[in-house]
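Enquirer: After the sequence you'll find the predicted model.
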Amino acid sequence: MANRKRNIQVKFYVTAEEKELMEQKMAQLKTKRIGAYLRKMAIDGYIIYVDTRDIKEMNKLLSAIGRNINQIAKRVNAGGSTYQADMEEIRERLDQIWQLQRRILLSQR
């Protein structure tokens, strides 16, 4: 091994599905040696990172609105009345969601 150009071994495990995907991609590139393919992808491949914090925040706000709507619906179905404060909170949260959505869309340009 001392005379080899590449004398450091890197070893990792994959699932059967992951191995199948790698083989499919290798076939597209007409590559038969998995070592060459993996080395090329590790060195020259692209990493795509998607920041989903805004989307997670939007989901949290949507969930809160859903809970509020459920509480209001229960009150209305039980013969109770809706409260102006509840409706105002829903409007405020909807405004927050629209602002987040605009920010997400603008950052995608």
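Expert: Cool, got the structure.
Enquirer: quick one: the residue nearest to the spatial centre of the chain and Leu94, what's the gap?
Expert: The centre of the chain sits closest to Thr52, judged by CA atoms, centre = their mean, with a distance of 5.9 Å. Distance of Thr52 to Leu94, given as CB to CB, to the nearest Å: 21 Å. Bear in mind the C-beta positions are built from the backbone N, C-alpha and C, glycine included.
Enquirer: The residue nearest to the centre of the chain and Gly45, how far apart?
Expert: Counting by CB to CB, the gap from Thr52 to Gly45 is 21 Å.
Enquirer: Could you tell me the phi and psi values at the residue nearest to the centre of the chain?
Expert: With angles defined as degrees, to the nearest 10, Thr52 shows backbone torsions of phi -110, psi 20.
Enquirer: got it, and the one 3 residues further on?
Expert: Dihedral pair for Ile55: phi -70, psi -40, per degrees, to the nearest 10.
Enquirer: my guess is it contacts Ile104, does it?
Expert: Yes - contact criterion CB atoms under 8 Å: Ile55 and Ile104 qualify, at 6.6 Å.
Enquirer: out of those two, which sits in the busier spot?
Expert: Ile104 (16 against 13; other CB atoms under 10 Å).
Enquirer: Next up, the contacts around the more buried one.
Expert: For Ile104, the contacting residues are 54-55, 58, by CB atoms under 8 Å, 6 or more residues apart in numbering.
Enquirer: For those residues, give me JSON lines that also has distance to Asp86 and pLDDT.
Expert: Shown next, in JSON lines, are these (distance: CB to CB, whole Å; pLDDT from 0 to 100):
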{"residue": "Asp54", "distance to Asp86": "26", "pLDDT": "81"}
{"residue": "Ile55", "distance to Asp86": "26", "pLDDT": "81"}
{"residue": "Met58", "distance to Asp86": "21", "pLDDT": "81"}
